[in-house]
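> attaching a predicted model along with its sequence, questions to come.
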Amino acid sequence: METLYPNLILDALRNVRYPGNGKNIVELGMVADDIRIDGNKVSFTLEFERPTDPFMKSLVKAAEASLHTYISPEIVATVTPAAKHQAAQPAEKPLAGVKNIIGISSGKGGVGKSTVACNLAVALAREGYKVGLLDADIFGPSMPKMFGVEDEKLYMHHVDGREKIIPAHKYGVKLLSIGFLVDKDSAVLWRGGMASNALKQLISDGDWGDLDYFLIDMPPGTSDIHLTLVQTLDITGTVIVTTPQDVALADARKGISMFTGKQVNVPILGLVENMAWFTPEEHPDERYYIFGKEGGVRLADELGVRMLAQIPLVASIREDADAGTPIALKDTVASHAFLHLSHEVIDAVNERNDTLPPTQHVRLSH
């Protein structure tokens with residue numbers, strides 16, 4: 001049986017039509033945004049306008065039959081009928097055992113956001129902290145490759161009476177990625193609602209346990225995925241990644257504006273200027289400012305945000321990422337830049353926590 005994705009489920013359900021008007025149940029908005037997939041098991045809610053709908057039982061059976069007919073007879077479907085007016089109680093915020101949740105974001109792609117997220121997670125783990133990392137970059141999940149776990153299979157186990165996803169664990173970091181749910185050689189064609197649902201499942205159903213830091217590698221730019229994450233989680237703050245060049249800085253400014261706006265309202269922990277200069281491996285003291293000089297430093301100063309670190313452009317950073325061995329594991333000039341970044345993030349988080357009421361303090365020291 002082929003790998004199941006939310007869009008496959010919805011495509012199959014479009015063949016189920018509500019009697020009388022000829023429209024399919026997806027078009028009518030009857031399929032709730034709660035599709036869950038566990039191997040060959042699929043569950044979701046089918047919403048009706050009233051609890052006495054005469055077609056309720058027949059449509060539930062038709063939905064199950066459609067999955068068997070258009071996808072695979074091996075699917076074990078659980079379709080729960082519900083009336084739309086029966087609003088569900090808001091769920092508790094997930095990640096109860098996590099002390100600090102940090103988003104790693106960028107205004108545009110190509111600035112090394114995922115590389116920064118990967119090495120920051122490893123650097124924090126090297127410092128002795130319990131670290132989790134969620135790869136939420138739905139259109140370009142790269143963490144499985146950077147951690148060398150591209151062929152990792154996800155498994156479930158029972159925790160407190162619930163089925164939980166066991167994260168991959170490498171270099172002291174617990175990792176879950178959208179990349180584990182899709183074919184690594186195929187383009188990811190998900191609508192925003194499907195992607196948001198998949199991310200919610202990785203967050204709420206992941207067995208993250210107790211963590212000091214939970215990092216989220218967010219998609220580049222600004223999108224409804226960012227809104228989903230900030231609405232689902234109590235994010236401690238965000239790290240913005242940029243390069244020194246003007247185009248990247250303009251987009252970084254927009255990203256900062258989004259997070260600090262009223263709709264999102266997430267603190268900015270600081271700015272990372274990636275690819276700050278090029279340094280040849282054989283001449284570590286030489287610097288060539290090929291993307292401009294200290295543009296990120298000036299932006300941080302202008303906006304009054306913390307300059308967390310300047311990361312050099314070194315060939316080994318790319319080589320180690322491609323090999324699945326993050327450079328933060330090593331003892332080089334480049335790895336020291338990421339260790340410095342981890343110290344700055346720790347300080348920024350502690351300073352942020354010091355501004356909270358005493359009951360909300362989550363002070364970390366090492």
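That came in fine, so what should we check first?
> what residues of stretch 289-297 count as buried?
Residues of stretch 289-297 classed as buried: 291, 292, 294, 295, 296 (neighbour count, 16 or more other C-beta atoms under 10 Å). Where C-beta positions appear, they are placed from N, C-alpha and C, glycine not excepted.
> dump those into TSV; add distance to residue 54 and pLDDT as well.
TSV is the format used below for the buried residues of stretch 289-297 (distance: C-beta to C-beta, whole Å; pLDDT from 0 to 100):
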residue	distance to residue 54	pLDDT
291	65	90
292	67	91
294	69	89
295	65	89
296	63	90
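> which of the residues you listed fall within helices?
Secondary structure assignment by DSSP state H places 295, 296 of these in helices.
> which residues are in contact with residue 203?
The contact partners of residue 203, by C-beta atoms under 8 Å, 6 or more residues apart in numbering, come to 94, 95, 134, 232, 233.
> most neighbours among those residues, please name it.
Of all the contacts of residue 203, the most densely surrounded is residue 134 (28 neighbours; neighbours counted as other C-beta atoms under 10 Å).
> any idea which helix or strand comes after the host helix or strand of that one?
Using DSSP states H and E, residue 134 sits within strand 131-135. Using DSSP H and E, the helix or strand that follows strand 131-135 in sequence is helix 143-146.
> which neighbouring elements make contact with that next one?
helix 113-126, strand 131-135, strand 173-177, helix 315-323 (3 or more C-beta pairs under 8 Å, 6 or more residues apart in numbering; DSSP states H and E).
> tell me what the second one is packed against?
In other words, strand 131-135. helix 113-126, helix 143-146, strand 173-177, helix 192-205, strand 211-217.
> let's see 10 Å
strand 98-106, helix 113-126, helix 143-146, strand 173-177, helix 192-205, strand 211-217 (3 or more C-beta pairs under 10 Å, 6 or more residues apart in numbering; DSSP states H and E).
> in a markdown table: the ones you listed, plus distance to residue 21 and mean pLDDT.
Formatted as a markdown table, those follow (distance: least, C-beta to C-beta, whole Å; pLDDT from 0 to 100):
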| stretch | distance to residue 21 | mean pLDDT |
| --- | --- | --- |
| strand 98-106 | 43 | 94 |
| helix 113-126 | 46 | 96 |
| helix 143-146 | 44 | 94 |
| strand 173-177 | 41 | 95 |
| helix 192-205 | 23 | 77 |
| strand 211-217 | 42 | 96 |
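> what's the closest of those to residue 332?
helix 113-126 (11.6 Å; C-beta to C-beta).
> give me the domain ranges for this protein.
Domain ranges of the chain: 6-83, 98-360, per automatic domain parsing.
> and the shortest one, end to end?
Domain 6-83 has an end-to-end distance of 22 Å (criterion: C-alpha to C-alpha, to the nearest Å).
> cool, stretch 218-234 as well?
Terminal-residue distance, stretch 218-234 (C-alpha to C-alpha): 15 Å.
> tell me where the model's unsure across the stretch 51-200 of the chain.
The stretch 51-200 of the chain contains residues with pLDDT under 70 at 85-93, 183-193, 195.
> residue contacts, the residue nearest to residue 6 when sequence neighbours are not counted?
Once flanking residues are discounted, residue 6 sits nearest to residue 194: 4.0 Å by C-beta to C-beta, 6 or more residues apart in numbering. Applying C-beta atoms under 10 Å, 6 or more residues apart in numbering to residue 194 gives the contacts 5, 6, 7, 8, 9, 10, 33, 35, 138, 188.
> quick check: residue 194 vs residue 158, distance?
From residue 194 across to residue 158, the span is 27 Å (C-beta to C-beta, to the nearest Å).
> low-confidence ranges, the stretch 251-366 of the chain, go.
263, 355-366.
> mind listing the helices for this protein?
Counting by DSSP H, the helices of the chain are 6-13, 56-70, 113-126, 143-146, 192-205, 224-232, 246-260, 295-303, 315-323, 333-354.
> pull out the buried residues from the last one.
Okay, so that is helix 333-354. 334-335, 337-339, 341-342, 344-346, 348-349, 352-353.
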